[in-house]
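S.K.: below: sequence and its predicted model.
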Amino acid sequence: MALSPAVMGIVNVTPDSFFPASRTVATDEAIARGRSQFLFGADVVDVGGESTRPGATPVEASEELARVLPVVRALALHGPVSIDTQKETVARAAVAAGASVLNDVSSSLYALAGELGVGYVAMHRRGDSSTMQDRPVYDDVVGEISDFLRTVAERASGAGVEKLWLDPGIGFGKSVEHNVTLLAHVEHFVELANEYRAGVLVGTSRKRFLAHLGRATLDVDERLEGSLATEAWAMVQGVSMVRVHDVRETVQLRELLTRPLDAVTS
């Protein structure tokens, strides 16, 4: 298990992200949310200006830049900031504004991350927002995603990326069964990442597959417990970072999991 897995807080500067409570259209509100997440113990805050949920409408680069740049610039004064984008122009501008990590659901910007000398999160996604949940099929979901992440890790390492995280992309082009299978094999992805001196990032927070794991179908507002349970599992299996909406609760969870037993009982 990682001694202290990092917690990445989510700041969505969007009107259409899948979790309504996470939407912060106003710049001041987004900055306040990010600052609160740092105060709650987030190790990095991930700022995104384009929703990547199933069915999301693409955003022009100019609009995405207007949404994220003032937020990145302000939050970089308080701690490490990640930019969640698929666009090179947005990534370059965000790094110039103070972002130190590039979180790329398309896994296509590794050369840029190497050029700019920033950390890089490479994620597996089948299709795009308009198609990824149209009956996704895999012959071997763990093997196919492992092959993809291995290829990206080799390319990123070759491009000079020194801080790399691999994300199996839970919820991105996967069925409920696929997502559960990936979680059950998190340790496999940790072993894969170790070959490249990389880490594994897992994002299960509030996602739709959690709605179908209990006795009743749960709305997004009712998925905190499932989020924490799956994040705890990922931490115990050795992931390096979890990406979450609920920073305070996740940091408390991490403290419970990583505090030595003698410190609890003394």
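M.R.: Yes, it's here.
S.K.: only C-alpha atoms from now on, for both contacts and neighbour counts.
M.R.: OK.
S.K.: quick one: residues contacting Tyr120.
M.R.: Val101, Leu102, Asn103, Asp104, Tyr110, Ala113, Val161, Lys163, Leu164, Trp165 (CA atoms under 8 Å, 6 or more residues apart in numbering).
S.K.: same question, Arg92
M.R.: Arg92 touches nothing, counting by CA under 8 Å, 6+ apart.
S.K.: go again using 10 Å as the cut-off
M.R.: By CA atoms under 10 Å, 6 or more residues apart in numbering, the residues touching Arg92 are Ile83, Ala99, Leu102, Leu112, Ala113, Leu116.
S.K.: could you pick out the longest helix of the chain?
M.R.: Ranked by residue count and defined by DSSP state H, the top helix of the chain is helix 141-158.
S.K.: before we move on, back to that, let's see which of the contacts of Arg92 end up in strands.
M.R.: Ile83, Leu102 (DSSP state E).
S.K.: between the contacts of Arg92, which is closest to Asp219?
M.R.: For the contacts of Arg92, the closest approach to Asp219 (CA to CA) belongs to Ile83, at 27.6 Å.
S.K.: tell me the bridge partners for that closest one.
M.R.: With DSSP bridges as the criterion, Ile83 is bridged to Val47, Leu102.
S.K.: quick one, what contacts it?
M.R.: Residues in contact with Ile83 (CA under 10 Å, 6+ apart) are 11, 45-49, 68-69, 72, 90-95, 98-104, 120.
S.K.: that one and Gly203: what is the separation?
M.R.: Distance, Ile83 to Gly203, using CA to CA, to the nearest Å: 15 Å.
S.K.: could you dump the contacts of Tyr120 into a markdown table and include neighbour count?
M.R.: A markdown table is the format used below for the contacts of Tyr120 (neighbours: other CA atoms under 10 Å):
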| residue | neighbour count |
| --- | --- |
| Val101 | 26 |
| Leu102 | 29 |
| Asn103 | 26 |
| Asp104 | 23 |
| Tyr110 | 28 |
| Ala113 | 29 |
| Val161 | 23 |
| Lys163 | 19 |
| Leu164 | 25 |
| Trp165 | 25 |
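S.K.: and which of those residues is nearest Ala193?
M.R.: Within those, distances to Ala193 taken as CA to CA reach their minimum at Trp165, with 7.6 Å.
S.K.: who does the host helix or strand of the closest one pair up with?
M.R.: Assessed by DSSP states H and E, Trp165 sits inside strand 164-167. Neighbouring strands of strand 164-167 in its sheet, by DSSP bridges, are strand 119-123 (parallel), strand 199-202 (parallel).
S.K.: return it as CSV; C-alpha atoms alone will do.
M.R.: The C-alpha coordinates for strand 164-167 follow below in CSV (Å, rounded to 0.1, in the frame of the first residue of the first chain):
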residue,chain,number,x,y,z
LEU,A,164,3.5,9.9,-14.7
TRP,A,165,0.3,8.4,-13.5
LEU,A,166,-1.7,5.8,-15.4
ASP,A,167,-5.5,5.8,-15.1
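S.K.: distance from that strand to the middle of the chain?
M.R.: Chain-centre distance of strand 164-167: 9 Å, with CA atoms, centre = their mean, to the nearest Å.
S.K.: helix or strand next in line after it, which one?
M.R.: Toward the C-terminal end, the helix or strand that comes next after strand 164-167 (DSSP H and E) is helix 176-184.
S.K.: what packs against that next one?
M.R.: In terms of contacts (3 or more CA pairs under 10 Å, 6 or more residues apart in numbering; DSSP states H and E), helix 176-184 is packed against helix 141-158, helix 186-194, helix 224-236.
S.K.: compute the inter-axis angle for the longest one and helix 176-184.
M.R.: Comparing the axes of helix 141-158 and helix 176-184 via axes from the mean of the first three to the mean of the last three CA atoms, to 10 degrees yields an angle of 60 degrees.
S.K.: CA atoms of helix 141-158 as PDB?
M.R.: The C-alpha coordinates for helix 141-158 follow below in PDB (Å, rounded to 0.1, in the frame of the first residue of the first chain):
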ATOM      1  CA  VAL A 141     -10.900  -5.700 -20.300                       C
ATOM      2  CA  VAL A 142      -7.900  -5.900 -17.900                       C
ATOM      3  CA  GLY A 143      -5.500  -7.100 -20.600                       C
ATOM      4  CA  GLU A 144      -6.600  -4.700 -23.300                       C
ATOM      5  CA  ILE A 145      -6.400  -1.700 -21.000                       C
ATOM      6  CA  SER A 146      -3.100  -2.900 -19.700                       C
ATOM      7  CA  ASP A 147      -1.700  -3.000 -23.200                       C
ATOM      8  CA  PHE A 148      -3.000   0.500 -23.900                       C
ATOM      9  CA  LEU A 149      -1.500   1.900 -20.800                       C
ATOM     10  CA  ARG A 150       1.800   0.200 -21.300                       C
ATOM     11  CA  THR A 151       2.000   1.700 -24.800                       C
ATOM     12  CA  VAL A 152       1.200   5.200 -23.500                       C
ATOM     13  CA  ALA A 153       3.700   4.800 -20.600                       C
ATOM     14  CA  GLU A 154       6.500   3.900 -23.000                       C
ATOM     15  CA  ARG A 155       5.600   6.900 -25.200                       C
ATOM     16  CA  ALA A 156       5.400   9.300 -22.300                       C
ATOM     17  CA  SER A 157       8.700   8.000 -20.900                       C
ATOM     18  CA  GLY A 158      10.300   8.400 -24.300                       C
END
